[in-house]
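**Student:** below: sequence and its predicted model.
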Amino acid sequence: MVTAAVMGAGSWGTAFSIVLADAGHDVHLWGRREETCENINERHENTEYLPGQELPGTIRATTDPAEALADAAIVVLAVPSQTLRPNLESWGHLIEPSAVMVSLMKGVELGSHMRMSEVIAEVTGAGPERIAVITGPNLAKEIARREPAAAVVACADESVALQLQKYLHTTAFRPYTNTDVVGCELGGTVKNIIGLAVGVCDGLGFGDNTKASVITRGLAETARLGMAMGADPMTFMGLAGLGDLVATCSSPLSRNRTFGEKLGRGMTVDEITSQTRQVAEGVKSCVSVAELSEMHGVEMPIVEHVRALVDGHMTPTELVNALISRSAKPETR
Ligand SMILES: NC(=O)c1ccc[n+]([C@@H]2O[C@H](COP(=O)([O-])OP(=O)(O)OC[C@H]3O[C@@H](n4cnc5c(N)ncnc54)[C@H](O)[C@@H]3O)[C@@H](O)[C@H]2O)c1
Ligand SMILES: O=P(O)(O)OC[C@H](O)CO
């Protein structure tokens, strides 16, 4: 048993705290709002992000990052991707020098084009053996309800991934290890953008052929970018690639797919954003990933067109028409 700090009391930070608590660990959950922390400590419920879900009593919430991070051997990072850097700059120095940092985030930073593990390394100075990523088909509400699911624990140092795997394996949560951190992070990031595109197809009223085509071609462009960035192509066949795409693109629980569906129905980004506090990472990452693809000379038409839609330069119908009318080519190139 270890002490784990979970930094971010949103949907996934809270659901992942349940996994840690079920695995027998003491959990310090850091949230920004006093009221959220009080509800977690007194009513054992995160009323805003996981309403109705009883939380184990071994999860203790605090708004004080120093209290959350004290003696934590594992520090789980679960804030929106675009806020990771300022968060780490504010409380990263409080992380124990031997602690392993685990990113739950699925995004690429705007401007720097860095993956979350790179932001962690740059801000904290930690080596790759102290930085891990957990990803896969893990919709927070289903994990919180303890529905069976698998995930990937990726770390460049396999012994650290194996240790985390041991720490996290419960009767409902089955982690696999991988040393391909780049591939795992890109799989999680790009699937959000493909999820937006599939949601657009839903919003336009298209059926399963259209959506399966977008999912499959989305995986192809994810793998192209991944290979250009040194990832193992097999990673995209696994939980971090295909697995997460299937969950996101088929689930009514996915914020990205739902966001896309609303775009497809004609709502604007601002209208949709004003309806929810929860993050749909693909809306920002479509910009950073599109730029990353240009930097690596990789064609990513779905990502590029989703960026145009989000930027207001294209309508949902134009997005679908633009994808279907691209010049014909062989499938595998
Ligand atoms: N929800 C899921 O099912 C799920 C599953 C896997 C991965 N993820 C990833 O986990 C990350 C976190 O997502 P989530 O679902 O918990 O999001 P969320 O929107 O449910 O919660 C985000 C949390 O971050 C807090 N927050 C917002 N702005 C902040 C800031 N500037 N500084 C600090 N905290 C801030 C919010 O108050 C909230 O507690 C994302 O990258 C997401 O892609 C989510
Ligand atoms: O709700 P979404 O779209 O952020 O997706 C949640 C998870 O990443 C699914 O694995």
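**Tutor:** Perfect, thanks for sending it. Ligands and ions are numbered 1, 2, ... in the order given.
**Student:** tally of neighbours for the residue lying closest to residue 84 once chain neighbours are set aside?
**Tutor:** Nearest in space to residue 84, with sequence neighbours left out and distances taken as CB to CB, 6 or more residues apart in numbering, is residue 119 at 5.3 Å. Placement of C-beta: from N, CA and C, glycine included. As a burial measure, residue 119 scores 23 neighbours (other CB atoms under 10 Å).
**Student:** equivalent analysis for residue 253, please.
**Tutor:** By the measure other CB under 10 Å, the count of residues near residue 253 is 14.
**Student:** how about residue 185?
**Tutor:** So residue 185, with other CB under 10 Å, has 28 neighbours.
**Student:** what about it, distance to residue 191?
**Tutor:** Distance, residue 185 to residue 191, by CB to CB, to the nearest Å: 11 Å.
**Student:** and the residue nearest to residue 84, that's in a strand?
**Tutor:** No: counting by DSSP: H, G, I helix; E, B strand; the rest coil, residue 119 falls outside a strand, being helix.
**Student:** who's in contact with residue 302?
**Tutor:** With contact set as CB atoms under 8 Å, 6 or more residues apart in numbering, residue 302 has these partners: 193, 194, 197, 214, 217, 218, 221, 323.
**Student:** repeat that for residue 40.
**Tutor:** Neighbouring residues of residue 40 by CB under 8 Å, 6+ apart: 9, 14, 29, 31, 46, 55, 59, 60, 61.
**Student:** and what of residue 48?
**Tutor:** By CB under 8 Å, 6+ apart, the neighbours of residue 48 are 36, 277.
**Student:** same check, this time on residue 288
**Tutor:** By CB under 8 Å, 6+ apart, residue 288 lies in contact with 107, 108, 109, 110, 111, 113.
**Student:** cool, and residue 110?
**Tutor:** So residue 110 contacts 82, 284, 287, 288 (CB under 8 Å, 6+ apart).
**Student:** need the pLDDT of the last one.
**Tutor:** Spelled out, that is residue 288. What the model reports as pLDDT for residue 288 is 98.
**Student:** all the strands of this protein, residue numbers only.
**Tutor:** Listed in chain order, the strands of the chain (DSSP state E) span 3-7, 26-30, 59-62, 74-77, 100-103, 131-135, 149-155, 173-178.
**Student:** who does the second one pair up with?
**Tutor:** So that's strand 26-30. In the sheet, strand 26-30 lines up against strand 3-7 (parallel), strand 59-62 (parallel) (DSSP bridges).
**Student:** if we can go back for a sec, going by distance to ligand 2, which of the contacts of residue 288 wins?
**Tutor:** Nearest to ligand 2 among these: residue 107, at 9.7 Å, using CB to the nearest ligand atom.
**Student:** leaving out sequence neighbours, find the closest residue to that closest one.
**Tutor:** Distance criterion CB to CB, 6+ apart; nearest residue to residue 107, sequence neighbours excluded, is residue 81 at 2.6 Å.
**Student:** can you narrow the contacts of residue 288 down to the ones near ligand 1?
**Tutor:** When CB under 6 Å from any ligand atom is applied, the members of those adjacent to ligand 1 are residue 107.
**Student:** filter the contacts of residue 288 down to just the buried residues.
**Tutor:** In the contacts of residue 288, burial by neighbour count holds for 107, 108, 109, 113, counting by 16 or more other CB atoms under 10 Å.
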